[in-house]
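**Q** Using only what follows, build the 3D model:
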Amino acid sequence: EKPYECVACGMSFRERSNLMRHQKVHSGERPYKCQECGKSFSQHTNLLVHQLIHTRERPYEPYECSQCGKRFQTSSHLFQHRQIHTEER
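**A** Numbering: from 1, shown residues only. Just a heads-up that it's a prediction; the model follows:
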């Protein structure tokens, strides 16, 4: 059950905190700013991943495609990528 619904797009969430994070997509709110270059992000985790470009560390990519081995920083990017494999069939 997903009782928390976004009034802007109808997307539903199990937890209120996920709805609150999602709503930043519609509001354009980007409260997390990189002190190095000034780029802003709607989610703290996206800022942390971005900051790796300044330290020249390899990005943390914990999500791996079981079909081709390509790695991703977020589960949503992996999910989007998987559609490539299902469309090939």
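
**Q** Enumerate the helices of the protein by residue range, in sequence order.
**A** Here the chain has its helices, by DSSP state H, at 16-27, 44-55, 75-88.

**Q** and these as CSV, adding mean neighbour count and distance to Y4?
**A** (Glycine included, C-beta is placed from N, CA and C.) Listed next are the helices of the chain as CSV, based on neighbours: other C-beta atoms under 10 Å; distance: least, C-beta to C-beta, whole Å:
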stretch, mean neighbour count, distance to Y4
helix 16-27, 14, 4
helix 44-55, 14, 20
helix 75-88, 12, 18
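
**Q** what about those, which gets the closest to C37?
**A** Closest approach to C37 among the helices of the chain (C-beta to C-beta): helix 44-55, 7.2 Å.

**Q** which helices and strands does the closest one pack with?
**A** Counting contacts by 3 or more C-beta pairs under 8 Å, 6 or more residues apart in numbering; DSSP states H and E, helix 44-55 packs against strand 32-33.

**Q** now for the strand it packs on, which elements pack on it?
**A** Applying 3+ C-beta pairs under 8 Å, 6+ apart, we find strand 32-33 packed against strand 40-41, helix 44-55.

**Q** now for the helices of the chain, which one comes closest to C6?
**A** Closest among the helices of the chain, using C-beta to C-beta: helix 16-27, at 6.0 Å.

**Q** just to revisit the earlier point, include distance to G10 and mean pLDDT when you put the helices of the chain into JSON lines, please.
**A** Listed next are the helices of the chain as JSON lines, based on distance: least, C-beta to C-beta, whole Å; pLDDT from 0 to 100:
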{"stretch": "helix 16-27", "distance to G10": "11", "mean pLDDT": "89"}
{"stretch": "helix 44-55", "distance to G10": "24", "mean pLDDT": "85"}
{"stretch": "helix 75-88", "distance to G10": "18", "mean pLDDT": "86"}
